[in-house]
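Trainee: below is the sequence, then the predicted model.
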Amino acid sequence: MQSEARQDPQGYDFRRCKLCGQQAAEPFCRLTGGTLQVCRHCDFHFLDHLDPLPSGNEEQPRELDEKSWKYISERLGTGEGELPWRLRLVEKYCRLPGAQCLDIGAGVGQFLLLLRAAKANGTGIEPSRLRRLFARREFDLHLEEQTIEAPQWREKYSEYFDVITLWDVIEHVNFPAETLSCAFQLLKPGGALLIDTPSRTVLPYRLSLVAARLSGGRVPLFLSSYYSALPYGHKQIFTPRQLTRLVAQAGFQILTQGAGYDELLGLRPPLLRPRSKIILVARKPVAG
């Protein structure tokens, strides 16, 4: 079903859960730009929207005009403080000098710049044309357009990478199970996978679910802020258990999972830190 949907994303049957594969998903409540689907079997939550696949042959592709440049520039600092923490976590599981690293959903390439400074070989995937143009002009970085599910990646880079990262990305992709399966194929045996994604267990989300249930789906409270039908918006939000299950189903060995980089690096986390994130590290098993 997912390979068929890849050929025609908008033809996907949203009754089929994107986590467990059961024909058990039902509309839960209407949000801005779409409907939130909830699986009766595994309680997975996802929006009934998929992005079209990159075509590479737009008749009039958008250019990086002054307005777009300013928009991207003003948001460069968002999440910038996490970048050094992410690098430290990667270094904990991989010796970076000379390592082959793939950053999926690279944005404008800021993490790739850190990898370059650490003497690693970084490759980035970014489907947004404007962000790719910005990365080229501002940082002299070339980012690939085709997503990891495209056949060219498996044909050229099977068991090639030492590290694959998805920083705030798995919630954006059309089919997370397919994305992780492809990542598994591209990693060397023993290679590391690192994921950072929002958690569904935060209080505003849980309160919104209660409000939506009690109102018959008419009052979603904050749920529309968690999902978006805009290009590359959030399509699904995981619980820690659901993400662990999905990564394990793809064949990975889970090494660690937590809500903060400090705790995963062996540092003492703040006592009252909200558990709004899921950070997971896994490894592709070595045969034998």
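Mentor: In hand now; what should we look at? Numbers count the residues shown, from 1 in each chain.
Trainee: dump the residue contacts of residue 285.
Mentor: Residue 285 makes contact with 189-190, 251-253, according to Cβ atoms under 8 Å, 6 or more residues apart in numbering. No exception for glycine: its C-beta is placed from N, CA and C like everyone else's.
Trainee: any chance you could map the strands in this protein?
Mentor: Counting by DSSP state E, the chain has these strands, from start to end: 25-31, 34-39, 45-47, 100-104, 121-125, 161-167, 187-198, 236-237, 253-258, 277-283.
Trainee: that older thread, by neighbour count, which of the contacts of residue 285 wins?
Mentor: Per-residue neighbour counts (other Cβ atoms under 10 Å) across those peak at residue 252, which has 24 neighbours.
Trainee: and that one, what's its pLDDT?
Mentor: Model confidence at residue 252, given as pLDDT, is 98.
Trainee: distance of it relative to residue 261?
Mentor: 20 Å (Cβ to Cβ, to the nearest Å).
Trainee: can you lay out the strands of the chain as a markdown table showing distance to residue 11?
Mentor: Conversion of the strands of the chain to a markdown table gives the following (distance: least, Cβ to Cβ, whole Å):
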| stretch | distance to residue 11 |
| --- | --- |
| strand 25-31 | 16 |
| strand 34-39 | 16 |
| strand 45-47 | 16 |
| strand 100-104 | 24 |
| strand 121-125 | 24 |
| strand 161-167 | 26 |
| strand 187-198 | 26 |
| strand 236-237 | 19 |
| strand 253-258 | 33 |
| strand 277-283 | 30 |
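Trainee: so which of the ones you listed comes closest to residue 73?
Mentor: Residue 73 sits nearest to strand 121-125 of all the strands of the chain, at 18.5 Å, using Cβ to Cβ.
Trainee: how distant is that closest one from the center of its chain?
Mentor: Strand 121-125 sits 16 Å away from the centroid of its parent chain (Cα atoms, centre = their mean, to the nearest Å).
Trainee: for residue 29, grab the count of nearby residues.
Mentor: With neighbours defined by other Cβ under 10 Å, the count for residue 29 comes to 22.
Trainee: show me what contacts the residue nearest to it when sequence neighbours are not counted?
Mentor: Spatial nearest neighbour of residue 29, excluding adjacent residues (Cβ to Cβ, 6 or more residues apart in numbering): residue 217 at 3.5 Å. Taking Cβ under 8 Å, 6+ apart, we find residue 217 in contact with 27-30.
Trainee: show the buried residues in the residues you listed.
Mentor: Among the contacts of residue 217, those classed as buried by 16 or more other Cβ atoms under 10 Å are 28-29.
Trainee: that older thread, closest to residue 78 out of the strands of the chain?
Mentor: strand 161-167 (12.0 Å).
Trainee: can you check what angle separates the closest one from strand 187-198?
Mentor: Following axes from the mean of the first three to the mean of the last three Cα atoms, to 10 degrees, one obtains 10 degrees for the angle between strand 161-167 and strand 187-198.
Trainee: who's in contact with strand 161-167?
Mentor: So strand 161-167 is in contact with 82, 86, 90, 93-94, 99-105, 111, 120, 123, 179, 183, 186-188, 191-197, going by Cβ under 8 Å, 6+ apart.
Trainee: try 7 Å this time
Mentor: Among residues not part of strand 161-167, those counted as contacts by Cβ atoms under 7 Å, 6 or more residues apart in numbering are 86, 90, 94, 99-105, 111, 183, 186-188, 191-196.
Trainee: same thing with stretch 111-123?
Mentor: 83, 86-87, 96-103, 106, 124, 139, 141, 144, 165, 167.
Trainee: buried ones among those residues?
Mentor: Buried members of the contacts of stretch 111-123, scored by 16+ other Cβ under 10 Å, are 86-87, 96, 99-103, 106, 124, 141, 144, 165, 167.
Trainee: shaky segments in this structure?
Mentor: Low-confidence segments of the chain, defined by pLDDT under 70: 1-10, 54-62, 271-274, 288.
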